[in-house]
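Chemist: Structure of the sequence below:
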Amino acid sequence: MKILAIETATEACSAALLVDDNVTTRSEVAPRQHTSLILPMVDSLLQEAAIEVAGLDAIAFGQGPGAFTGVRIAIGVVQGLAFAHDIPVIPVSSMAALAQQQAEKHANIAVAIDARMQEIYWGLFHRDNDGIMQLSGKEVVCAPESIELPAGADWFGVGSGWQTYSDILAQRCDGRLTGYEGERFPLAADVLAIAKQRFLQGATSSVLEAAPVYLRNKVIN
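Modeler: Coordinates of the predicted model:
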C-alpha cells in the first residue's frame, strides 16, 4: 500500500507518505509559503522511498475548511499529480485530521479553527472502535459564542480557535471540557491515518470529483 497525503489548509504545510506500514513526513509552519514548500516536500518523500508518482495507490488530501488559498493549493497539487497517472484520491476533512492528532489520548474532541472575521470552524468528533475520529453532527462556521455545545463531559478542545477565543469557548463548554491545545494544526500524517482506513474500505474517488470545503461563501486567507 502506497498512499501520499498532503495538507495545506492552515498555517502548517505538510506531506506524508505511507509505504506498507512505514510513514515518513515533512512539515513546516510557514504561513503564505505553501506554494513554494509543498511540491519539494512531496518530491523529497518520493525520492527517499524510491517511488514514482505513478506507483502510488492513492493520494489523500485535506479538503478544508481553512484558508481559501491553502485549500486551493491542495486541490491543485492533487489534480496535477493524480490526473496525469489516473490515481484515485481520498478527500479528508482538515478538521477530522486535526481531531485525529488526539485520538490516542482523547475519545471526544471539539475542534475549533480560527476562521477570521470573528468566526471559527467548529466540529465535534468521537473516536470509533478502530481509533479513527468520526464527525458527530455537522462542521460549521459560526461565532464562538454560537457553537453547538457538546453533549456530556470529557471533551478536549483542539485548534487555533481555542487559542484565539479560549475564554469564550471555555465558558460556553463549562463543565464539559477537560482541557485544550490551541497551537495545533491539521497535518498530512493525520490525513493519512484516516485515508488508510478509507482506502482499505474501498472509499476512494476519481480526481475529477476532488473538491474543496469552505463552509462559507465569503472566504479569506
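Chemist: so who does the residue lying closest to residue 101 once chain neighbours are set aside touch?
Modeler: Among residues not flanking residue 101 along the chain, residue 190 sits closest, at 5.2 Å (CB to CB, 6 or more residues apart in numbering). Just so you know, the C-beta spots here come from the backbone N, C-alpha and C atoms, and that holds for glycine as well. Applying CB atoms under 8 Å, 6 or more residues apart in numbering to residue 190 gives the contacts 7, 97-98, 100-101.
Chemist: cool, and residue 52?
Modeler: Shown in contact with residue 52 (CB under 8 Å, 6+ apart): residue 46.
Chemist: what are the phi and psi angles of it?
Modeler: Phi and psi for residue 52, reported as degrees, to the nearest 10, are phi -90, psi 160.
Chemist: distance of it from residue 42?
Modeler: As defined by CB to CB, to the nearest Å, residue 52 lies at a distance of 12 Å from residue 42.
Chemist: Ok, residue 51 next?
Modeler: Residue 51 is 11 Å from residue 42, where distance means CB to CB.
Chemist: The two: which is more packed in?
Modeler: Neighbour totals were compared for residue 51 and residue 42, and residue 42 leads with 22 against 15 (other CB atoms under 10 Å).
Chemist: For the more buried one, grab phi and psi.
Modeler: Residue 42 adopts backbone torsions of phi -60, psi -50, taken as degrees, to the nearest 10.
Chemist: looking at it, it is touching residue 80, isn't it?
Modeler: No - between residue 42 and residue 80 there is no contact under CB atoms under 8 Å: 10.3 Å.
Chemist: biggest helix in this structure, by residue count?
Modeler: In the chain, taking DSSP state H as the definition, the longest helix is helix 68-85.
Chemist: circling back to that earlier point, quick check: the residue nearest to residue 101 is in a helix.
Modeler: Yes - judged by DSSP: H, G, I helix; E, B strand; the rest coil, residue 190 forms part of a helix.
Chemist: in the sheet, who's paired with residue 135?
Modeler: For residue 135, the beta-bridge partners under DSSP bridges are residue 125.
Chemist: ranges for the helices of this structure?
Modeler: Going by DSSP H, the chain shows helices at 34-49, 68-85, 94-100, 160-164, 166-172, 188-200.
Chemist: ok, and the closest non-adjacent residue to the spatially most distant residue from the centre of the chain?
Modeler: Distance from the centre of the chain peaks at residue 175, with 27.5 Å (CA atoms, centre = their mean). Sequence neighbours aside, residue 153 is the residue nearest to residue 175 in space, at 6.7 Å (criterion: CB to CB, 6+ apart).
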